[in-house]
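J.: Just a sequence and a predicted model for now, questions to come.
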Amino acid sequence: MPKSTKNIGLSELRVGLLVFIALAVLVVLIVNATGELNPFKSHLHLRARFADANGLREGSDVKLAGVKIGKVDRIRLLSPSEVGTGPTPQKIETFLTIDTKIDGVPATDRIRSDSTAQQAAPSILGSEMIVNITPGTPLGQPVTENFLLPSTAGSTMSDLATNGTELAQKLSKLSDQLNEVVKQVREGKGTVGRLFNDESLYNNLNATISDAEQLANQIKSGRGSAGKFLYDEALYNNANDISANLKKLSADIAAGRGTAGKLVESDEMYNKINHIADRVNHSMDQIDQIIAGVNAGNGTLGKLVKDEAIYNDARTAIARFNTTTSRIDSLVAGAQRGEGTVGKLITDESLYNNVNNLSSEGVKMIYDFRQNPKKYLTIKFQLF
Amino acid sequence: MNFIARFLFELQEMSLLAGRSARGIFKKPHYVPESIAQMDYIGVGSLTIIILTGFFTGGVLTLQTYQTLESYGAVDQLGYLVSISLVRELGPVLSALMVTGRVVSAISAELGSMVVSEQIDAMRALGTDPIRKLVAPRILALLVTLPLLTMISDVMGIVGGWAVSTFLYGLPSQMFLNSVRDGITTDDLIGGIIKPLFFAFLMGTIACHKGLKTEGGTVGVGRSTTSAVVMASIIVIIADFILARALQLILGTQT
């Protein structure tokens, strides 16, 4: 330990130097353990344009799919000539400083030309904003220095608030309607209202349930058809007997006993029926032939069906018959009018009168004859 | 003798003193009665100022943060905020600064007077190592008592916060205590004990070094006392920053 501090060389400060360097290294290591302060780190610079900075500032985080990869280096307002047209023109440009390597992979492999940048709010509180970049797909090209990333509109708090307001209005309307429904239900209107307020359904249900309970009890105690069905063995026994009989019957049938058994077991019946069917078949064939003949116009029946001569003859005959009838009609009409002999005969009473006179004269004569037959029966044989 | 050389020389002297005193703590001879007397003086003697500063620090922290938290509707997190601040930072640092003001000055002045009145030289002449006899017990006493004082300060701070929140702001006392219980983790407590250990070692080393390096009679005693307190305070705060960072990394509380 030097007594005087006036003249000391570096060789006497070895421990001090060592401690100082050790402490300095330790402090640097501790403070910079996450590697934030690295002047030798190389960076990739990218650009992105947005409509509004929206709380984005120099030093805001830049994230790739949510993982921090860099910071916003600078923000500048675009000059009027650079501002694009459209519904939401992009008015600011951000310069992003991004680590050249992200988790050991070059940033240009992760961020590609089809990556997009969005603004995002990491917290509901505060106006802090970040830039989030979506990872690129193999379809895109690796980005180059100062590449202008396409940007998409992110969801900001104000958007959320706007959507929320719309939603709230819709919900409010819905709740009004629900209020109305509930009010009507409370007043006992409508089916649901009745369901809630009218006790008759409950009473009916209650009565039904008690009836059902009673019924179940009766059934349990073996009363009534259902009770008998469940508890009386007679039906079972009968059914058992029937099934035994059926069993016996089927056994008989199987053994070929009785008519049904013969029917089932014997071939004779089948053969006969088969034979009849054959004959019917044969007859049908013959009928077919006859009909074919008729169709072809052969034979009397065929002629009758197919030959038009008979039809024509009949037509002529009917026409002539019609003529005859009309003539008879006119003849009768003439007779009725007293024309002709027949007409006179029918209409002129003189013949009748004459005949009548004749008859009365005849009667007189017959009477006279009877009185004096000799007057008339004087037969004089005169031979020439 | 330029500034850098002086600085390096001071650092070297202090490192050597620290090394020797550390060896003195573990190696015989142990001056146990001296150590216990120092613990009594440093620990029990500092209890009053530690309790008072702890209580009112917690109280004023609650007083100032309550309104901010209220504007966010997060008053139920008050105990969390107050207890985390106290256990992680304010407890260790304020206790260290209070002890610096009270104890570092005392040690530095005592050793300085001994140097000036040549008692140290007499001790050396009698074959007693002044570092083992005087420095090691004081550093050991600081190492033992400062963490304990810090814990007391933490507890008193939480009590102060609870008192203010309950009696001044009418917060349900259970709400404050529940958020304290939910907020503090074992990592916070471990960090709150590791820091005072470092502070105690640094403070003890600086106090003893400055005391033993006193030159120029009674005036020199005053100068060395002043520089010891100033240096210890600055080193405590710088070390607190580095330790906080290191503990964040080690305990994984970094967000």
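T.: Yes, it's here.
J.: Contacts only, for the residue in chain B positioned nearest to chain A.
T.: Nearest residue of chain B to chain A (CB to the nearest CB) works out as B:Gln12 at 2.9 Å. Glycine gets a C-beta too; all of them are placed from N, C-alpha and C. By CB atoms under 8 Å, 6 or more residues apart in numbering or on different chains, the contact set of B:Gln12 is A:13-17, A:19.
J.: Can you say which of those residues are buried?
T.: Buried by 16 or more other CB atoms under 10 Å in any protein chain shown: A:13, A:15-16, A:19, out of the contacts of B:Gln12.
J.: ok, so of the residues you listed, who is nearest chain B?
T.: Proximity of the buried ones among the contacts of B:Gln12 to chain B (CB to the nearest CB) peaks at A:Gly16, which lies at 2.9 Å.
J.: now what about the helix or strand encompassing that closest one, what contacts it?
T.: If you go by DSSP states H and E, A:Gly16 is part of helix A:14-31. For helix A:14-31, contacts defined as CB under 8 Å, 6+ apart pick out A:10, A:37, B:8-13, B:15-16, B:242, B:245-246, B:249.
J.: for the stretch 101-250 of chain A, what spans make up the helices?
T.: For the stretch 101-250 of chain A, applying DSSP state H, counting those that start in this stretch gives helices covering A:107-110, A:157-186, A:190-197, A:200-220, A:224-231, A:234-255.
J.: Low-confidence bits of the stretch 51-200 of chain B, can you list those?
T.: Along the stretch 51-200 of chain B, segments meeting pLDDT under 70 are nowhere present.
J.: So which residues on it come close to chain A?
T.: By the rule CB under 8 Å from any CB of the partner chain, the part of the stretch 51-200 of chain B lying against chain A is B:Tyr72.
J.: So which residues of the stretch 51-200 of chain B form helices?
T.: B:78-85, B:91-99, B:105-116, B:119-125, B:130, B:136-163, B:173-183, B:186-212.
J.: helices or strands next to the fourth one in the packing?
T.: Counting contacts by 3 or more CB pairs under 8 Å, 6 or more residues apart in numbering or on different chains; DSSP states H and E, helix B:119-125 packs against helix B:105-116, helix B:130.
J.: what's the last one packed up against?
T.: The criterion is 3+ CB pairs under 8 Å, 6+ apart, and the helices and strands that helix B:130 contacts are helix B:119-125.
J.: buried set for the helix or strand hosting A:Ile69?
T.: Counting by DSSP H and E, the element that carries A:Ile69 is strand A:67-77. Going by neighbour count (16+ other CB under 10 Å), the buried part of strand A:67-77 is A:69-73.
J.: tally of neighbours for the spatially closest residue to A:Glu187 that is not a sequence neighbour?
T.: Once flanking residues are discounted, A:Glu187 sits nearest to A:Gly193: 6.3 Å by CB to CB, 6 or more residues apart in numbering or on different chains. For A:Gly193, the neighbour count with other CB atoms under 10 Å in any protein chain shown is 17.
J.: which ones are touching A:Gly193?
T.: Neighbour list for A:Gly193: A:184-187 [criterion: CB under 8 Å, 6+ apart].
J.: Which residue does the stretch 251-384 of chain A have closest to chain B?
T.: Among the residues of the stretch 251-384 of chain A, A:Ala251 lies closest to chain B, at 86.9 Å counting by CB to the nearest CB.
J.: and that residue, what pLDDT?
T.: With respect to pLDDT, A:Ala251 has a value of 87.
J.: related to what we said a few turns ago, among the helices of the stretch 51-200 of chain B, which is nearest A:Ala239?
T.: Closest approach to A:Ala239 among the helices of the stretch 51-200 of chain B is made by helix B:173-183 (75.5 Å; CB to CB).
J.: Contacts for that closest one, please.
T.: By CB under 8 Å, 6+ apart, helix B:173-183 touches B:75-84, B:158, B:161-162, B:165-166.
J.: Dump it to PDB, restricted to CA.
T.: The C-alpha trace of helix B:173-183 is given here as PDB (Å, rounded to 0.1, in the frame of the first residue of the first chain):
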ATOM      1  CA  SER B 173     -59.400  -2.500   4.900                       C
ATOM      2  CA  GLN B 174     -59.900  -6.000   3.500                       C
ATOM      3  CA  MET B 175     -59.700  -4.700  -0.100                       C
ATOM      4  CA  PHE B 176     -56.300  -3.200   0.500                       C
ATOM      5  CA  LEU B 177     -54.900  -6.200   2.400                       C
ATOM      6  CA  ASN B 178     -56.300  -8.600  -0.200                       C
ATOM      7  CA  SER B 179     -54.600  -6.800  -3.100                       C
ATOM      8  CA  VAL B 180     -51.400  -6.700  -1.000                       C
ATOM      9  CA  ARG B 181     -51.600 -10.500  -0.600                       C
ATOM     10  CA  ASP B 182     -52.400 -11.100  -4.200                       C
ATOM     11  CA  GLY B 183     -49.800  -8.700  -5.400                       C
END
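J.: returning to that earlier point: need the buried ones from the contacts of A:Gly193 selected in ChimeraX.
T.: To isolate the buried ones among these in ChimeraX, judged by 16+ other CB under 10 Å, type:
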select /A:185
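J.: quick one: which of the contacts of A:Gly193 is nearest A:Asp241?
T.: Taking CB to CB as the measure, A:Asp241 lies nearest A:Val185 of the contacts of A:Gly193, at 60.5 Å.
J.: Pull up the distance across stretch B:125-144, start to finish.
T.: Stretch B:125-144 has an end-to-end distance of 31 Å (CA to CA, to the nearest Å).
J.: Quick one: residues contacting residue 46.
T.: If you meant another chain, say so; for now it's chain A. By CB under 8 Å, 6+ apart, the residues touching A:Leu46 are A:95-96, A:98, A:111, A:143, A:146-149.
J.: actually chain B
T.: Contacts of B:Ser46 by CB under 8 Å, 6+ apart are B:98-99, B:102-103, B:145, B:149.
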